[in-house]
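[1] fold the following, please.
(one chain, ligands or ions: 1)
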Amino acid sequence: MHSTAVATSLTCALLPFQGILGALESNHCLQWRKQERRCSQKARRTLVAAQFELKPPPYSLNALEPHMSHEIIEYHWGKHQRGYVENLNRQILGSELDGMALGDIILVSYNKGDLLPAFNNAAQIWNHEFFWESMKPGGGGKPSGDLLELIERDFGSFEGLVREFKLAASTQFGSGWAWLAYKANRLDVGNAINPCPSEEDKKLVVVKSPNAVNPLVWDYSPLLTVDVWEHAYYLDYENRRADYISVFMEKLVSWEIVSYRLEMAKARANEREEERKREEEEENMSDIEAVEMYLDSETDESETE
Ligand SMILES: [Fe+2]
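    Got it, this is the predicted structure:
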């Protein structure tokens with residue numbers, strides 16, 4: 001897709017030569033300007049389309065009825081999420097963020113809590129894609145296997161998790177999100193909401209976040225989210241956010257995807273731990289080698305004397 005954009009840009013770059021040839025005829029010149037304008041508009045459109053696209057939910061828009069209506073998903077995904085995609089593509093065009101992966105844009109533009117303009121649109125795209133994939137037709141019920149074991153370890157019971165999650169989602173003031181995440185670090189994230197920096201690592205946590213913020217910025221691995229912006233529930237539930245959250249937990253959550261995400265998060269945490277150990281070993285080895293080289297040089301010098 002980028003090659004199309006480049007090709008369009010190259011065509012535009014050639015246009016000034018056509019303009020010079022036709023400059024003696026004002027009509028021709030006008031034509032060239034119109035052509036240039038059309039070309040740059042086309043290039044902008046092509047570049048926008050070449051970057052991030054509006055990813056559809058993994059089911060048809062009426063598949064979650066009667067718990068989430070076709071109308072609200074059409075509005076939520078088709079208008080709100082589309083807006084975030086179009087805005088981000090415009091914002092990053094030609095900037096240093098252009099060409100970066102969405103996750104990298106989120107981390108860079110979070111800027112330690114001092115948000116850069118692209119953050120909200122980038123994070124909202126990521127959050128919505130994650131939200132749609134957190135649900136399935138005929139969802140709800142109860143998880144099983146490793147996920148259930150960790151839930152029971154960290155929240156006492158499945159009911160304990162549901163209670164914590166509903167509390168976080170219903171008490172997020174204004175717009176935002178509630179999350180279940182896997183926390184495999186002890187980062188001190190001063191600017192974060194609910195950073196839990198002193199808690200032990202490798203555990204499940206429930207957090208809420210304002211506006212577009214998500215747990216990626218604290219280096220947590222998100223497992224589940226519910227959107228509590230009013231646009232997510234008002235058409236179906238009006239101001240009854242608590243009812244919407246209950247239906248989400250009881251009828252829509254895909255515990256299969258949450259289990260899958262947990263396995264991925266654990267694997268990633270283990271990989272990072274192995275990587276850290278390797279780096280420490282390499283550092284130790286290079287320290288030992290440096291000491292040995294120093295001792296060897298000392299020995300050589302004393303032998304010379
Ligand atoms: Fe939303």
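
[2] number of nearby residues for Gly78?
    The tally of other residues near Gly78 (other C-beta atoms under 10 Å) stands at 13. All C-beta spots, glycine's among them, are computed from the backbone N, C-alpha and C.

[3] do Glu149 as well
    The burial count for Glu149: 11, using other C-beta under 10 Å.

[4] which of the helices or strands spans it?
    In this assignment (DSSP states H and E), Glu149 forms part of helix 145-155.

[5] what lies in contact with that helix?
    For helix 145-155, the external contacting residues (C-beta atoms under 8 Å, 6 or more residues apart in numbering) are 142-143, 157-158, 160-161, 164, 203-206, 255, 258-259, 262-263.

[6] now the helices for the stretch 1-150 of the chain?
    2-21, 26-50, 70-75, 82-92, 102-110, 119-133, 145-155 (DSSP state H, counting those that start in this stretch).

[7] report the central residue of the chain.
    What sits nearest the mean C-alpha location of the chain, by C-alpha atoms, centre = their mean, is Trp126, with 3.8 Å.

[8] got the contact list for it?
    Counting by C-beta under 8 Å, 6+ apart, Trp126 makes contact with 102-103, 106, 214, 216.

[9] low pLDDT regions in the stretch 1-150 of the chain?
    Scanning the stretch 1-150 of the chain for pLDDT under 70 picks out 1-50.

[10] run the last query once more with 50
    In the predicted model, the stretch 1-150 of the chain carries pLDDT under 50 at residues 1-49.

[11] measure stretch 91-104 end to end?
    15 Å (C-alpha to C-alpha, to the nearest Å).

[12] what's in contact with that stretch?
    44, 47-48, 51-52, 105, 108-109, 117-118, 121-122, 125-126, 216.

[13] let's go with 7 Å and repeat that
    Stretch 91-104 has contacts (C-beta atoms under 7 Å, 6 or more residues apart in numbering) with 47, 51-52, 105, 108-109, 117-118, 121-122, 125-126, 216.

[14] take these and write them to JSON lines, including distance to Gly94.
    JSON lines is the format used below for these (distance: C-beta to C-beta, whole Å):
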{"residue": "Leu47", "distance to Gly94": "8"}
{"residue": "Gln51", "distance to Gly94": "11"}
{"residue": "Phe52", "distance to Gly94": "15"}
{"residue": "Ile105", "distance to Gly94": "14"}
{"residue": "Val108", "distance to Gly94": "16"}
{"residue": "Ser109", "distance to Gly94": "16"}
{"residue": "Pro117", "distance to Gly94": "14"}
{"residue": "Ala118", "distance to Gly94": "12"}
{"residue": "Asn121", "distance to Gly94": "16"}
{"residue": "Ala122", "distance to Gly94": "16"}
{"residue": "Ile125", "distance to Gly94": "19"}
{"residue": "Trp126", "distance to Gly94": "22"}
{"residue": "Leu216", "distance to Gly94": "25"}
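
[15] list just the nearest of those to Ala290.
    Nearest to Ala290 among these is Val108, at 35.1 Å by C-beta to C-beta.

[16] now that closest one, nearest residue through space, not along the chain?
    In this structure, Val108 finds its nearest non-sequential neighbour in Leu97, 6.7 Å apart by C-beta to C-beta, 6 or more residues apart in numbering.

[17] go on, His80?
    That would be His231: by C-beta to C-beta, 6+ apart, it lies 5.4 Å from His80.

[18] how much space separates that neighbour from Ala267?
    Distance, His231 to Ala267, using C-beta to C-beta, to the nearest Å: 34 Å.

[19] identify the farthest-apart pair in the contacts of Trp126.
    Leu102 and Asn214 (11.4 Å).

[20] so which of those two has more stuff around it?
    Neighbours per residue, other C-beta under 10 Å: of Leu102 and Asn214, the larger number sits with Asn214, 23 against 14.

[21] right, and the more buried one touches Glu129 too?
    No - look at Asn214 against Glu129 with C-beta atoms under 7 Å: they stay out of range, at 11.2 Å.

[22] helix, strand, or coil at Leu204?
    Following DSSP: H, G, I helix; E, B strand; the rest coil, we place Leu204 in the strand state.

[23] could I get the pLDDT score of it?
    Leu204 is assigned 94 on the pLDDT scale.

[24] which residues does it form beta bridges with?
    Tyr182 (DSSP bridges).

[25] on that earlier part again, ok, now how distant is the residue nearest to Val108 from the ion?
    Using C-beta to the ion, to the nearest Å, one gets 22 Å for the distance from Leu97 to the ion.

[26] same question for Ile151.
    26 Å.

[27] which pLDDT value belongs to that residue?
    96.

[28] could you do Val189 as well?
    58.

[29] what do you get for Glu289?
    Looking at Glu289, its pLDDT is 81.

[30] re the thing from before, ok, the residue nearest to the centre of the chain to Asp296 distance?
    54 Å.
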